[in-house]
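Asker: quick one: sequence plus predicted model below, questions after.
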Amino acid sequence: MTPADAVTRTAALSTASSPAQARPVAAACGVEAWHVESPVVPLIALAFTFEGGAAQDPEGKSGAVQMLARLLDEGAGPYGSDAFQERLAARAIELSFHAGPDAIGGSLKMLVKHADEAIELLALALAQPRFDEAAIERVRAQMLAGLRYQQNDPGVMASRRFFAEAYPGHPYGRPSGGTLESVSSITRDDLVALHARLLGRGRVKVAAVGAIGEEALQRALDAAFGRLSEGGALATVPPARIAGRGRRIVVDLDVPQSVIRFGTDGVPWRDPDFIPAYVLNHVLGGGAFTSRLFQEVREKRGLAYSVGTSLVSHRAASMTWGYTATKNERVAEALAVIAEEIARLTQDGPSDEELQKAKDYLTGSYALGFDTSTKIAHQLVQVAFEGLGIDYIGRRNGLIGAVTQDDIRRAAARTLGDGRLLVVAAGRPTEL
């Protein structure tokens, strides 16, 4: 092969493995996957997400969906926990599960030569988890130990209180990891019922990346998900907006500095104004070293080591929320600077230079999220879950590049609005 041939082949492989080239592949069981074939290395990465997460926890049983996710690979079918884990380890198969507010999902990575066994183990974990009492009690003990440890963690306590105040009486206001009381009350019957209701093939999104062709993927999808039922009805999660804007709340902890969480309205990922809000957020607090909050709070005044903001998009709610930590005696000053920058950005908008730099960074850095098969699979399945369309990854940078100052002003009015924030500080601030 000549050097020119090598360059041509590399370019062709790169194009074939681009996430923008994803194609839908439907299996006989009705499950569809977004597929990116890449024969460069003999690996396959699978990501999957089922609609219905911690917001589906039964009343008084917060933490149940998270416990369910942690138990799926703790024994399945004929294999107890140790035997199941030994089979994974013997073939270097990486299988994991996780739960969020609106979804329960996971990922699988395996060598091509072990694909059949990996898919079989995934199928057992999804369709036939054992929920052995010993495994349940072990996971329960781990969760309870974590909750006890977190009682002295100001970051965790501030976040928990923040969401409880932001969404009072709403599923999003409950701690997804549960409480000491709720985790202690979860039974095997609760887990069996949740499994039957949530893990239905009719509500799963799948992405597959790597050295697997279309026909082989169809067989794998049937083998992995075909044994599942369609799933039961999900509880309705009512729409919610952030409550308590303008309030400042203290979680009393005897620590030398306060950990602060603050937030206001947002727009969901599926909203046409999400992209302008995303660019606006980069200017405000999402741009790490370049953001206004980083420059004003840390660089100019030395009030905090870190400060930032991000957009939170749930199925039934969204927000702009932020974080920082500072000495107890400087909490009020830090919050005043944050409020001032929000007001200035809302009123005047970013400069043309700031806007262009934000767009350049957000478009230029996007490819860094696709440097492994697993990252590509997770990005694709998230886009599928949000209903943004299989061509979103190819369109995304163009959407960002098209954002104008008018778009930014509109997004600022919808998100930052009048500047009133819900603030929670865990510590002992002298003023708030």
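Answerer: It's in.

Asker: could you find the closest non-adjacent residue to the residue positioned nearest the centre of the chain?
Answerer: Most central in the chain under C-alpha atoms, centre = their mean is residue 100, positioned 6.9 Å from the mean C-alpha point. When the adjacent residues along the chain are set aside, residue 100 lies closest to residue 53, with 4.8 Å between them (C-beta to C-beta, 6 or more residues apart in numbering). C-betas here are computed from N, CA, C, even on glycine.

Asker: next, the contact list for the residue nearest to the centre of the chain, please.
Answerer: 53-54, 176 (C-beta atoms under 8 Å, 6 or more residues apart in numbering).

Asker: give me the subset of the residues you listed lying in strands.
Answerer: Judged by DSSP state E, the contacts of residue 100 include no members of strands.

Asker: which of the residues you listed sits closest to residue 261?
Answerer: The closest of the contacts of residue 100 to residue 261 turns out to be residue 176 (C-beta to C-beta; 15.7 Å).

Asker: wait, the closest one sits on residue 102?
Answerer: No - under the criterion of C-beta atoms under 8 Å, residue 176 lies out of contact with residue 102, with a separation of 10.4 Å.

Asker: between the two, which contacts overlap?
Answerer: residue 53.

Asker: neighbour count winner among these two?
Answerer: For residue 176 versus residue 102, neighbours defined as other C-beta atoms under 10 Å are more numerous around residue 102 (23 against 20).

Asker: list the residues that contact the closest residue to residue 151 other than its chain neighbours.
Answerer: Using C-beta to C-beta, 6+ apart and skipping the chain neighbours, the partner closest in space to residue 151 is residue 157 (7.1 Å). With contact set as C-beta under 8 Å, 6+ apart, residue 157 has these partners: 150-151, 251, 253, 259, 426.

Asker: and residue 157, helix, strand or coil?
Answerer: Following DSSP: H, G, I helix; E, B strand; the rest coil, the label given to residue 157 is helix.

Asker: from residue 202, how far out is residue 233?
Answerer: Distance from residue 233 to residue 202, counting by C-beta to C-beta, to the nearest Å: 11 Å.

Asker: looking at the two, which has the bigger crowd around it?
Answerer: Residue environment comparison for residue 233 versus residue 202 gives the larger neighbour count to residue 202, 14 against 8, counting by other C-beta under 10 Å.

Asker: got the phi/psi numbers for the closest residue to the more buried one other than its chain neighbours?
Answerer: For residue 202, the nearest residue in space outside its immediate sequence neighbours is residue 230; the separation is 4.0 Å by C-beta to C-beta, 6+ apart. Comment: the main-chain dihedrals of residue 230 come out as phi -70, psi -20, following degrees, to the nearest 10.
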